[in-house]
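J.: Got a predicted model here, sequence first, then my questions.
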Amino acid sequence: MALKPKSLLLRRPKNTKTVNQIPGTMTYVGRKESATTKLDVIDYNLENYERFTSTSTEDAFKFVDEDRITWFNIDGLSNVDEIKKLGEYYELHPLILEDIVNTGQRPKIEEYQDYLFIVSKMLYYRDGNIENEHISMIVGRNYLLTFQESDGDVFDSVRERLENARGRIRGRTADYLMFALLDSIIDNYFLVIDDISDRIETLESDLFTAKPQENITQEIQELKSTILRIRRSVFPLREVVGRLEKMENGLIKDSTINYIRDLHDHIVQISENIEIYREMVWGLMDLYMTTISNKMNEVMKVLTIMASIFIPLTFIAGIYGMNFEYIPELEWKYSYFVLWGIMIIIFLCMLYYFKRKKWL
Amino acid sequence: MALKPKSLLLRRPKNTKTVNQIPGTMTYVGRKESATTKLDVIDYNLENYERFTSTSTEDAFKFVDEDRITWFNIDGLSNVDEIKKLGEYYELHPLILEDIVNTGQRPKIEEYQDYLFIVSKMLYYRDGNIENEHISMIVGRNYLLTFQESDGDVFDSVRERLENARGRIRGRTADYLMFALLDSIIDNYFLVIDDISDRIETLESDLFTAKPQENITQEIQELKSTILRIRRSVFPLREVVGRLEKMENGLIKDSTINYIRDLHDHIVQISENIEIYREMVWGLMDLYMTTISNKMNEVMKVLTIMASIFIPLTFIAGIYGMNFEYIPELEWKYSYFVLWGIMIIIFLCMLYYFKRKKWL
Amino acid sequence: MALKPKSLLLRRPKNTKTVNQIPGTMTYVGRKESATTKLDVIDYNLENYERFTSTSTEDAFKFVDEDRITWFNIDGLSNVDEIKKLGEYYELHPLILEDIVNTGQRPKIEEYQDYLFIVSKMLYYRDGNIENEHISMIVGRNYLLTFQESDGDVFDSVRERLENARGRIRGRTADYLMFALLDSIIDNYFLVIDDISDRIETLESDLFTAKPQENITQEIQELKSTILRIRRSVFPLREVVGRLEKMENGLIKDSTINYIRDLHDHIVQISENIEIYREMVWGLMDLYMTTISNKMNEVMKVLTIMASIFIPLTFIAGIYGMNFEYIPELEWKYSYFVLWGIMIIIFLCMLYYFKRKKWL
Amino acid sequence: MALKPKSLLLRRPKNTKTVNQIPGTMTYVGRKESATTKLDVIDYNLENYERFTSTSTEDAFKFVDEDRITWFNIDGLSNVDEIKKLGEYYELHPLILEDIVNTGQRPKIEEYQDYLFIVSKMLYYRDGNIENEHISMIVGRNYLLTFQESDGDVFDSVRERLENARGRIRGRTADYLMFALLDSIIDNYFLVIDDISDRIETLESDLFTAKPQENITQEIQELKSTILRIRRSVFPLREVVGRLEKMENGLIKDSTINYIRDLHDHIVQISENIEIYREMVWGLMDLYMTTISNKMNEVMKVLTIMASIFIPLTFIAGIYGMNFEYIPELEWKYSYFVLWGIMIIIFLCMLYYFKRKKWL
Amino acid sequence: MALKPKSLLLRRPKNTKTVNQIPGTMTYVGRKESATTKLDVIDYNLENYERFTSTSTEDAFKFVDEDRITWFNIDGLSNVDEIKKLGEYYELHPLILEDIVNTGQRPKIEEYQDYLFIVSKMLYYRDGNIENEHISMIVGRNYLLTFQESDGDVFDSVRERLENARGRIRGRTADYLMFALLDSIIDNYFLVIDDISDRIETLESDLFTAKPQENITQEIQELKSTILRIRRSVFPLREVVGRLEKMENGLIKDSTINYIRDLHDHIVQISENIEIYREMVWGLMDLYMTTISNKMNEVMKVLTIMASIFIPLTFIAGIYGMNFEYIPELEWKYSYFVLWGIMIIIFLCMLYYFKRKKWL
């Protein structure tokens, strides 16, 4: 259930794919290569609802309808030509197109004349792994474009609400749809940080019960890096939502602002939790260190007690194992038994000494 | 007397209760399920005082009286329908209702046309445990609504002052009542941080006297997490009170501002103490580490002294335990006694050496 | 010469003295109970000087004289009624009176129509201990009120200058007197931080020379907590002085501003020193840790050298102590001497090995 | 592939080259002494492209042509006279000339009447080492001057685009050329931080697998210092780009601002990565410390087990090696075998004890 | 070459020299007592240059000449009366005079009607030690006063430029002279931080090569404290220069602003280096700790290997040293040789075991 560190760490590709290329060049740098680009269109207003899928983005153009809101969802970014066609149709700036396919781009928001451009990251569970997916949105007056790296997302509940006209969503404009999608993304962050909280608790109890093994430190280190990386998705998104809240162009309706404020509360909550988990995880290493030291102390005590008791006794036995011709004690009949007595007394004194030192 | 970490940590529920639900949906996510919602109404002005309890929030509506201040206190958030009715009556925004029952919401303040919405956390002792309870307030011109998770709160002294007309409270408006309640909440924080201070002192003395046991590190780790969590309740509340102080709508009277400034002083004091305790607790781990190391040093010294003294002596004894046919010393009559002399001299030299090294 | 940690730590009382009481209620929460309240009045202008002491604050009222500056100094806060009478005479806000007797109040400044209210902390030596005393000032146009917890303060030099008309003080207004008092308070902080600097130096040298004992870590921990607490007195006072510098009501004369700026320089200097001492003390723990480890290393080396040399030799001796009937070496005449030779060679090889490893 | 710490650390020369010299004096303080200064001129507009190289900067003056953009690239800063001539021709301030050759100057931007002055650092791979080179730019309306320490840079792709008229670059003004160069510089930072990321991963796995050797800590320390130094190049550059984005003189065209915003995104991304790597590397030391302690624990366990088992057994053997005349057990025929039995039982008990303690 | 910690630490005197004195009283609190005050006057303009020294500050007054710039340099602050005379002549505020002789004053700048007052610290090498000297400047329209604690400073190159009319300095006004002096001060900081960089490198290599001795930790601790103290001189000076840059009274000419901006770059560079060195030095302690632990590990391994090999062998030898009457093996002729064989096999197994564990 661990995050794949690689996929998260390497926002920007290791290879020179984008280095030294012409600015504005579209190069997909992620790892989710897909041969085709899938288009999924939902066209709706309060009364009507229509859904349509295609593998050609050109099919999207016929859906432009002033009376309805249209949500174009594009899955698959590796086929840049399809995305370029869409970009040309909607007259998007080349740098926007570059950012849509550049999975290394951090969350951000840009205001344009007729639309908003939002970049964000989806973190969600799939087959027990956390997926980290680059997602971009273009929000216009009556349309919304979303660009995802691959099939599968966190928007199914929104689609269901659109289809069944549940809640307020069908009666609202494109900015509310954008809010609903961001809300879904942020809701899924809660699941991810809950998982981190679980892993911290597991580690805490492992530290005290388990046999010291290297993989605990490895897990702590991995958890550290996971938290640092999630932070990188969350903190810029917090700024994005904060700016959405204060936006004063006509694209964001006043009625939506309240909902965005709520979103802001949620993302602040997530940030705070991340900071707390961060401090807890950093503390785990110290905790582990003391656990090791305590164990070493115990080991040393056993050694010291055994050695301190038996080394002097062995010395005494060694004395009477000497072959001197004249050792008076050797000849006395009760020497052996007296010696046993002396050794038992030494043994008990030692025990008492260690007992008093609280080593036993 | 330890905080239940679980209940504090999991602000937001682990399960998917609220994930993917429609924004504005009311879902109680806390752990204090209660079948019924208890309504407690106090209606007062300088001359009159009336108190009334019910299990139906609808009973509240008849109390609206322009001349009097009415405090509606609702205990129990799991029955969302009752709260919804009240919300509809007072025309509260759906997102406010969501925040009232969402115990994961952090402290905040929101200004509306006719009322203020304040979210806060009560921390108080009950049966030796610290309870952490979500509390919301709606402050109108002549009414105050408070929503609590369960029975039992920190407001009994306010109720007593209202009933017996002690202090200024009966002659003041709803904003003063709000101040009085926040003051009670913050006063109880002092008790909680006093408890933390006690626990730090106990740990400090335990570190030096007690036998090293794992539960000390566990307690330190738990204390760390407790402090981090209390911080999360206190720091946003500090902002809330700071904003109250600067508020310029008519809801907060000038005469109340002085009191709120006093409140601000108190919450700043609490924050400072938390920061100090935080640094102290973080230092405890280092302290514990040195204590362990000091103990290990002592153990090692005992071992080293015992081994260094008796291993060479045993070797000497071993020499004369050899069975060579020709060992000249064996035949001499005083060999045994001379050897004892030599061994005692070695022993004393060793003692002197360790003494000079200050190991004894 | 150590600070009494308790008295500093527990700004706010542990008990419930002030919890749940009516805001504006005066409750003295400090530890310096005194049966009586001592009033000390100094009435002066450039030409005249009069001093008067009493145990009743009512005696103060006759001194109000437009032409002269009057400094009322009140010692003893536990008798709240006397202070209340004074507060009523000068029409002070109930919350000011609460802050005067609440020793938990942090340093602050409040501007009112006709006067300033300043809360500060005196840190000074008395009988080798550092006293931490709560002090409040009310600065009016031609009067100054100071409220202290007990007899004894840092103002004797100011009194002497007033009496003997030394310096500019007699020709100036109440705001200059306030500056002179704050200057005395801050000057005494220098003595306190000098003491901390001395203790750090003592600890540093103790670390390397002394026998490892637990009280060093205890002293470090205590010093940490002392620094954290002094910081809590100094940092808010820095803000207070900073605000005084920028104040633009008529109470602070322009000619005094330069002096307050100087005061600000001093308190900034103190803050900087505290931060440096803080870093040094935090570093001491690491230093101590390495010292312990170094000592352990030394212990282990002695053990290892002794054991490594004598265990193999004892083994060899043990070999020839065996009672096998046929051991050829036993019968040869020079075996014993050859064996000694071999053992001495082994011994020397070992010594050389440890020498090369720089363990000797 | 490690950074040369020296060359990066010593921004400012160790010797007194620039200390006490007259301000505005040009002194090259870097380590890349080159006898000659190489001038490389590219003169272009949408239709034309011309390239010219020389070793005299005076050859540059004839290229000033209002219709074309001219990029003068100067390699080699140790010959300050050539640079001075250029400076005089373009009427550059003496302090600019000083900064051009002072490789200790941190990245900065300065606005002048007719041109911008930008100082930056190139980090790039050459022969497996990272080179850190000081680069300055003067951006005028139709010309761009770049000053580098030595041959070789990261601008080849820009030159290729200029020559082959690929992308928008030939049709744009000098500010776009400046952007293209900064973009190349920042793109190469990605390669450097990727290398750091690789080295962290290598270290992490080395920590657990490799035999503890000192060079791991040395590598960690070196990596720390490398990160600190790269940070010093990146963070001021981030400010530079941020100021470029907000610049409102006519030198930066509106059409270029979008590209600069993109640049800002990239440099922010790099800064974030550096901060993450920083935290990871700082954590590595702790990790290494626990690894050492774990290994020591293992060593101690082996010793303790061996000693605890065989020291008591040796003692028993020693008992019956004593030469007392009367030891009853010696005479019994089965003593030897019974003793073996006892010793095996003791051995097994010990094994069981260590097994239960999980030391085996 | 180490800084004298004492002289730097005790900015403010330990004794009560300045505590409780009248504000504005001049008390020299430094350690550089000098019986006489040395006055050094340089009077110049573009054409003329005159230099004059005296031990009476009164000699300065005749040099006031509207057409020329006059630089009065005063060495020796312990004779406060001479300085007071000068102060009275130039009508300096008593608090300025106090700051001039109070070596505890931190760097600052104050604007007055006709002059600027700047306090700074000179750090420079003299006889291999770093001197830390308090220096104050009064910058008027055509005069500059500098006050130093003792003979010897960093201004010789400025004097030489004045005398020989090198650079622009003779043609400029007093503010440029001030810049030149500050530039000299800051240039010398570079030498000091270079020294710190050298000491860090030396320590780094010492850590790995040298025999663990206590003085390494002492040196690290001392270096820490040195860095903290230099920081205290540099950071406020950075603010001073920053404010100079933005100053808009007529005292600072526009032509000088560019030079001050350059100064600001330099001091920022120094601050950055200090922060880097700070992090490096803090890391050294961890590094040292791991080095100690590694060494301890090595020691323990030697012990464990020796003990694990020879203790069992000694036990076996002990077995056959027992004096039981019936031990069958004793009588067999080849027992001794077989036993040697067994012991060699055990020995080899042990070696193999430790080899596989990579302890050898």
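T.: Now that the structure is in, tell me what you want to look at.

J.: make it CA atoms for all contacts and neighbour counts henceforth
T.: OK.

J.: Show me what residue of chain A gets nearest to chain B.
T.: Minimum separation of chain A from chain B (C-alpha to the nearest C-alpha) falls at A:Met322, amounting to 3.9 Å.

J.: ok, which stretches of chain A are strands?
T.: A:38-44, A:49-54, A:69-75, A:108-111, A:116-126, A:129-139, A:143-148 (DSSP state E).

J.: if you compare these, which one is most tucked away?
T.: strand A:69-75 (a mean of 24; mean count of other C-alpha atoms under 10 Å in any protein chain shown).

J.: Check which helices and strands that strand is in contact with.
T.: Under the contact definition 3 or more C-alpha pairs under 8 Å, 6 or more residues apart in numbering or on different chains; DSSP states H and E, strand A:69-75 sits against strand A:38-44, strand A:143-148.

J.: hmm, back to that, redo the strands of chain A as JSON lines? Include distance to C:Ile135.
T.: Shown next, in JSON lines, are the strands of chain A (distance: least, C-alpha to C-alpha, whole Å):
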{"stretch": "strand A:38-44", "distance to C:Ile135": "70"}
{"stretch": "strand A:49-54", "distance to C:Ile135": "73"}
{"stretch": "strand A:69-75", "distance to C:Ile135": "67"}
{"stretch": "strand A:108-111", "distance to C:Ile135": "51"}
{"stretch": "strand A:116-126", "distance to C:Ile135": "54"}
{"stretch": "strand A:129-139", "distance to C:Ile135": "58"}
{"stretch": "strand A:143-148", "distance to C:Ile135": "63"}
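
J.: Just put those in TSV and tack on mean pLDDT.
T.: Listed next are these as TSV, based on pLDDT from 0 to 100:
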stretch	mean pLDDT
strand A:38-44	90
strand A:49-54	89
strand A:69-75	91
strand A:108-111	92
strand A:116-126	90
strand A:129-139	88
strand A:143-148	92
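
J.: Can you give the domain ranges for chain A?
T.: Domain ranges of chain A: A:16-291, A:300-356, per automatic domain parsing.

J.: any chance of the helices and strands packed on strand A:69-75 in CSV, plus distance to C:Gly242?
T.: Below are the helices and strands packed on strand A:69-75 laid out as CSV (distance: least, C-alpha to C-alpha, whole Å):
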stretch, distance to C:Gly242
strand A:38-44, 60
strand A:143-148, 52
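
J.: Burial check on the closest residue to A:Gly30 other than its chain neighbours, number of neighbours?
T.: Among residues not flanking A:Gly30 along the chain, A:Thr103 sits closest, at 5.6 Å (C-alpha to C-alpha, 6 or more residues apart in numbering or on different chains). A:Thr103 sits with 28 neighbouring residues when counted by other C-alpha atoms under 10 Å in any protein chain shown.

J.: my read: A:Ser308 touches B:Thr304, true?
T.: No. Counting by C-alpha atoms under 8 Å, A:Ser308 does not reach B:Thr304; the two are 9.2 Å apart.

J.: that older thread, and the residue of chain A closest to chain B, backbone torsions?
T.: Backbone torsions of A:Met322, given as degrees, to the nearest 10, read phi -70, psi 150.

J.: Please list all residues in contact with the residue in the stretch 151-300 of chain A that chain E sits nearest to.
T.: Minimum separation of the stretch 151-300 of chain A from chain E (C-alpha to the nearest C-alpha) falls at A:Met300, amounting to 11.7 Å. Residues near A:Met300 by C-alpha atoms under 8 Å, 6 or more residues apart in numbering or on different chains: B:296, B:299-300, D:300, D:304.

J.: Against A:Ile74, how distant is the closest residue to chain C within the stretch 51-200 of chain A?
T.: Residue nearest to chain C within the stretch 51-200 of chain A: A:Ile200 (26.9 Å; C-alpha to the nearest C-alpha). With the distance defined as C-alpha to C-alpha, to the nearest Å, A:Ile200 ends up 37 Å from A:Ile74.

J.: go on, A:Leu92?
T.: Taking C-alpha to C-alpha, one finds A:Leu92 at 15 Å from A:Ile74.

J.: Could you do A:Glu98 as well?
T.: Distance from A:Glu98 to A:Ile74, by C-alpha to C-alpha: 15 Å.

J.: How far does the top helix by length along chain A sit from its chain's centre?
T.: Using DSSP state H to define each element, chain A has its longest helix at helix A:254-319. Averaging C-alpha positions (C-alpha atoms, centre = their mean, to the nearest Å) puts helix A:254-319 21 Å from its chain's average.

J.: ok, back up a step: comparing the domains of chain A, which yields the minimum mean pLDDT?
T.: Here the lowest mean pLDDT among the domains of chain A goes to domain A:16-291, at a mean of 86.

J.: quick revisit: could you check the angle the longest helix of chain A makes with helix D:254-319?
T.: Relative orientation of helix A:254-319 and helix D:254-319, computed by axes from the mean of the first three to the mean of the last three C-alpha atoms, to 10 degrees: 20 degrees.

J.: got a list of contacts for stretch A:136-144?
T.: A:64, A:66-72, A:100, A:114-120, A:145-148, A:173-175, A:177-178, A:251.

J.: Recalculate using a threshold of 6 Å.
T.: A:69-71, A:100, A:115-119, A:145-147, A:174 (C-alpha atoms under 6 Å, 6 or more residues apart in numbering or on different chains).

J.: With stretch A:67-81 instead?
T.: Contacts for stretch A:67-81 (C-alpha under 6 Å, 6+ apart): A:28, A:33-34, A:37-45, A:101, A:142-151.

J.: Quick one: end-to-end distance for it.
T.: By C-alpha to C-alpha, one end of stretch A:67-81 lies 29 Å from the other end.

J.: Backbone torsions only: list them for the residue in chain A positioned nearest to chain E.
T.: Going by C-alpha to the nearest C-alpha, chain E is nearest to A:Gly321 of chain A, at 8.8 Å. Note on A:Gly321: its backbone torsions stand at phi -100, psi 0 [degrees, to the nearest 10].

J.: Is it possible to get CSV of the domains of chain A that adds distance to C:Val19?
T.: Shown next, in CSV, are the domains of chain A (distance: least, C-alpha to C-alpha, whole Å):
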stretch, distance to C:Val19
domain A:16-291, 29
domain A:300-356, 46
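
J.: Mind checking these for the one nearest to B:Tyr288?
T.: For the domains of chain A, the distance to B:Tyr288 is smallest for domain A:16-291, at 7.9 Å, taking C-alpha to C-alpha.

J.: Number of residues surrounding A:Asn215?
T.: Considering only other C-alpha under 10 Å, A:Asn215 is surrounded by 10 other residues.

J.: ugh, wrong one, I meant A:Arg261
T.: 17.

J.: next one: A:Cys349
T.: Around A:Cys349 there are 13 residues (other C-alpha under 10 Å).

J.: how close does it get to A:Ile311?
T.: 14 Å.

J.: One more: A:Leu251?
T.: Counting by C-alpha to C-alpha - A:Leu251 and A:Ile311 are separated by 86 Å.

J.: just A:Leu303 next, same as before
T.: As judged by C-alpha to C-alpha, A:Leu303 and A:Ile311 stand 11 Å apart.

J.: joint contacts of the two?
T.: By C-alpha under 6 Å, 6+ apart, no residue touches both A:Leu303 and A:Ile311.

J.: what about the helices in the stretch 51-200 of chain A?
T.: A:80-89, A:94-101, A:156-164, A:174-209 (DSSP state H, counting those that start in this stretch).

J.: Of those, flag the one that's most buried.
T.: helix A:94-101 (a mean of 22).

J.: Would you mind giving both backbone torsions of A:Gln113?
T.: Dihedral angles (degrees, to the nearest 10) for A:Gln113: phi -50, psi -50.

J.: Roughly how far does it sit from A:Trp71?
T.: With C-alpha to C-alpha as the criterion, A:Gln113 and A:Trp71 are 19 Å apart.

J.: cool, A:Leu182 as well?
T.: Taking C-alpha to C-alpha, one finds A:Leu182 at 14 Å from A:Trp71.

J.: do the same with A:Val29
T.: 25 Å.

J.: And for A:Tyr124?
T.: For A:Tyr124 relative to A:Trp71 (C-alpha to C-alpha), the value is 21 Å.
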